[in-house]
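Q: Here's my sequence, what's the structure:
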Amino acid sequence: MQTRNVMIAVLGVGCCVLLITTIVVTTTKSEQELRSCPADYVTQPPVILVSLDGFRASYRERGLTPVISRLAQEGVFAPYMNPSYPTVTFPNHYTIVTGLYPESHGIIANKFYDPEFGATFALGSSESQKGRWWGGEPIWNTLTRQGKKSATFFWPGSDVPIGGQYPTYWYPYNSSVPYEDRVQQVLDWVTLPADERPAWITLYFDEPDHTGHAEGPDSQGINDQLVRMDGLIGQLVTGLENAELLNCVNLIIVADHGMAGGGLGWVIKLSDYISDLDDTAYTYTGAFTRLDPKNDSDEVKYDMMRKLACQRTDMRTYEKSGLPKRFHFSNNRRIEDIVLDLDDGRYGSVSSSYYNNGNHGYDNYFPAMNALFVARGPAFKSGLELAPFQNIQLYNLMCHLTGVLPAENNGTLGALNAMLNTPGPIIPLPEVEQPPAASFPSETELPDRFGVSGCPGDLTAYEDWLSLLNMTSEEQARLESKHAPWGLPRVLNQTDGLTLLHQPDFITAYSSSLKMPVWSSFSLFGAPTGTPAFNWTSDVRLNADQSVTCADYDSLTNVTMAPLFFPGFSSDSSQSKIPYMVSNAVPSTEQQQRHWQDLMSHLIARWLGSGSLNVIVGPVFDRNADSHADVFNSTETFPQLPTVLFAIVTRCSIGGNITACEPQNLESRAFLYPTVQPVENCLESSEYALEFSSTVRDVRIITGLAFYPDLSFDDRVRLETVVHQSLW
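A: Numbering: from 1, shown residues only. Modelled structure (predicted):
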């Protein structure tokens with residue numbers, strides 16, 4: 001065993017409310033349990049984090065793990081914890097202790113090449129032991145920097161000098177160390193004197209992952225390992241009980257990912273589609289397959305992608321910048337140019353027939369990739385089932401439990417406060433001034449506004465539908481209650497030149513700087529009438545300095561002028577020209593519009609059949625594919641082609657009027673549809689929608705918009721962070 005010290009940075013945690021009676025009863029029980037603990041455990045209950053590698057969430061349903069089930073009943077559990085993409089061991093273990101996506105911390109796989117270092121990272125290699133590979137701040141560094149101790153009995157990265165630091169107590173990885181000895185060492189650490197005792201401890205087992213690969217997730221071997229792993233957790237629990245410390249520690253049991261079946265019939269030989277692949281690309285094969293063309297031209301890359309795309313229904317081909325945003329797997333130089341998204345169970349190879357009986361590394365939406373989460377201790381409520389969440393949230397949670405400020409990370413402060421007896425601090429939404437509402441022009445101004453956009457549909461005289469735009473402030477307020485029932489989205493950046501535009505069927509925040517709407521919000525009740533297509537026309541509420549023109553669009557190449565509020569959602573034929581005002585136009589492509597109209601006219605229309613909906617839509621600018629809103633400079637001209645269009649759809653889970661729905665009954669789905677994909681995969685509309693779905697949180701970060709501002713933090717963070725693996 002070796003001893004070292006550590007250092008690094010900051011953040012926090014939040015608050016979620018359940019029934020008041022539940023909080024009171026659970027808190028009282030925890031307080032009573034804590035009173036029986038030694039005083040130094042009361043002030044700082046140690047956190048023990050146990051990883052059962054490859055423990056698929058559904059394994060717990062087999063009835064073979066009574067100790068883990070007991071801990072779930074006495075504490076909190078989730079039906080599953082969503083791993084991060086790729087669903088691989090090292091990336092996810094390091095995500096758990098940093099709160100960072102793999103693209104952010106840099107451990108993007110178990111083996112990968114860094115073009116700047118000119119070196120390859122591989123498990124067990126001397127390179128992997130160099131701190132330069134490991135980005136972010138692991139929690140053991142966070143603890144040491146803030147004067148607290150940590151201990152790891154194995155954890156990826158813990159035996160590496162990250163930032164020149166190690167945990168206080170640590171061992172170099174050695175798979176031959178008996179599992180029982182590992183458990184005993186954790187018990188020894190927990191019972192150290194207060195000034196030596198670590199505040200945070202890890203315990204790692206490489207099962208049931210090892211057996212899952214060898215024998216498959218449905219094998220007798222896996223069942224035997226589940227019994228074995230449960231026995232080891234039992235050894236830990238019994239040891240804590242014997243020391244009278246079970247109620248004095250916060251115990252968290254997780255997995256890094258799940259496990260899917262495999263077999264010879266699911267091997268995908270890529271040389272069947274690219275015969276010279278070995279000569280033309282560096283390849284990383286398996287469940288998580290990537291290709292790095294030796295010729296780095298786009299022409300070669302796209303030719304290779306075209307040879308693979310649409311060849312099989314169980315394989316999708318992406319360039320790294322074109323991966324679905326929910327993967328968070330584009331913004332790192334170590335990610336190869338081409339990533340293959342395989343159905344679970346499939347195994348990519350160049351020409352080999354090698355296969356495993358169990359595999360992981362796939363899309364983190366696949367249920368077979370779901371990971372275990374159970375927690376018990378004085379900090380946690382009792383008998384609570386949580387909504388599924390992503391493992392990026394654990395770092396903030398553990399920092400809160402150990403009383404340290406987290407370093408910057410991808411988690412959301414307070415996202416897991418619903419499980420806690422004493423929620424931590426939250427970061428409230430910034431207060432921003434609501435944009436002014438546009439005024440309707442006077443009779444003398446109106447004729448000059450008819451042709452301000454220079455579009456084919458511009459009016460030459462007053463038409464009756466214009467009166468629908470001339471509203472009092474009271475009428476505008478009523479529309480806001482209808483179309484933005486939880487508050488108007490807040491624009492947290494690029495706030496200059498914003499104007500609110502109220503239409504009977506939707507509300508828009510229009511940017512005279514970007515020359516397009518930044519969001520439109522509308523509620524749908526029953527089947528809409530829709531409207532036929534019209535030529536684009538000026539919005540008479542905008543003057544020449546504010547309005548985009550049709551000439552502006554004519555100057556853009558391969559760009560179509562598309563309505564953001566879908567005309568098919570118009571409620572009345574008398575409003576048929578309103579969706580074709582230039583204030584509702586966004587630059588788009590024919591490719592994007594094909595998918596966008598599928599979302600609007602097929603999927604949203606179908607979901608409308610089960611009750612009313614609220615929909616918020618808008619453009620996204622993410623030109624560097626870092627999943628954060630772009631910052632524009634003063635020399636740029638607009639309009640420009642957005643990189644993505646977003647949609648957030650909210651419904652009431654019990655049906656009824658969306659505007660009257662109790663917050664706890666609200667459900668959301670979010671989507672980020674790319675503007676251009678040089679090589680497309682063959683997906684039907686529901687498959688495409690699921691592939692390019694996201695969390696509301698992802699939309700918030702990539703747009704710089706804040707949604708549901710009038711809801712409580714608890715309700716808002718639930719809607720923002722919940723992970724959905726299916727559509728409605």
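
Q: Quick one: mean pLDDT over whichever strand or helix holds Asp714.
A: Using DSSP states H and E, Asp714 maps to helix 713-721. The average pLDDT for helix 713-721 rounds to 96.

Q: just stretch 547-564 next, same as before
A: For stretch 547-564, mean pLDDT rounds to 97.

Q: ditto for stretch 121-138
A: Here the average pLDDT along stretch 121-138 is 97.

Q: Start and end of that stretch, how far apart?
A: 19 Å (C-alpha to C-alpha, to the nearest Å).

Q: Please apply the same query to stretch 389-404.
A: Per C-alpha to C-alpha, stretch 389-404 runs 22 Å from first to last residue.

Q: Ok, stretch 630-647 next?
A: 18 Å.

Q: Now do the contacts for the nearest residue to Val190 once chain neighbours are set aside.
A: Once flanking residues are discounted, Val190 sits nearest to Pro46: 5.7 Å by C-beta to C-beta, 6 or more residues apart in numbering. From N, CA and C alone the C-beta is placed, and that goes for glycine too. Applying C-beta atoms under 8 Å, 6 or more residues apart in numbering to Pro46 gives the contacts Val190, Arg197, Pro198, Ala199, Trp200, Ile201, Cys248, Val249, Asn250.

Q: Lowest-scoring secondary structure element of the protein by mean pLDDT?
A: strand 2-3 (a mean of 40; mean pLDDT, DSSP states H and E).

Q: For the stretch 201-350 of the chain, just list every one of the strands.
A: With DSSP state E, counting those that start in this stretch as the criterion, the stretch 201-350 of the chain has strands at 250-254, 260-261, 267-269, 281-284, 289-293, 315-319, 338-342, 347-349.

Q: hmm, who's touching the last one?
A: Here strand 347-349 makes contact (C-beta under 8 Å, 6+ apart) with 262, 266-270, 285-287, 289, 315, 340, 342, 354-356, 359.

Q: cutoff 7 Å now
A: 262, 266-270, 285-287, 289, 340, 342, 355-356, 359 (C-beta atoms under 7 Å, 6 or more residues apart in numbering).

Q: Repeat that for stretch 353-360.
A: With C-beta under 7 Å, 6+ apart, stretch 353-360 has contacts from 54, 87-88, 212-217, 257-264, 267, 287, 345, 347, 369.

Q: Let's see that with 8 Å instead.
A: Defining contact as C-beta under 8 Å, 6+ apart, one finds that stretch 353-360 is touched by 54, 87-88, 209, 212-217, 219, 257-264, 266-267, 269, 286-287, 344-347, 368-369.

Q: Just give the nearest non-adjacent residue to Leu492, would you?
A: Leaving aside its chain neighbours, Leu492 sits nearest to Gly704 (4.9 Å; criterion: C-beta to C-beta, 6+ apart).

Q: could you measure that neighbour against Trp134, distance?
A: According to C-beta to C-beta, to the nearest Å, Gly704 and Trp134 sit 30 Å apart.

Q: Who has more neighbours out of those two?
A: Trp134 (23 against 19; other C-beta atoms under 10 Å).

Q: Now for the closest residue to that one other than its chain neighbours: which residues touch it?
A: Excluding the flanking residues, the one nearest Trp134 by C-beta to C-beta, 6+ apart is Ile162, at 4.6 Å. Contacts for Ile162 (C-beta under 8 Å, 6+ apart) come out as Gly131, Trp134, Glu137, Pro138, Asn141.

Q: if I look at the first one, how far off is Pro138?
A: Counting by C-beta to C-beta, the gap between Gly131 and Pro138 amounts to 11 Å.

Q: just checking, Tyr521 is part of a helix?
A: One thing to correct before we go on: residue 521 is Ser, not Tyr. No: counting by DSSP: H, G, I helix; E, B strand; the rest coil, Ser521 falls outside a helix, being strand.
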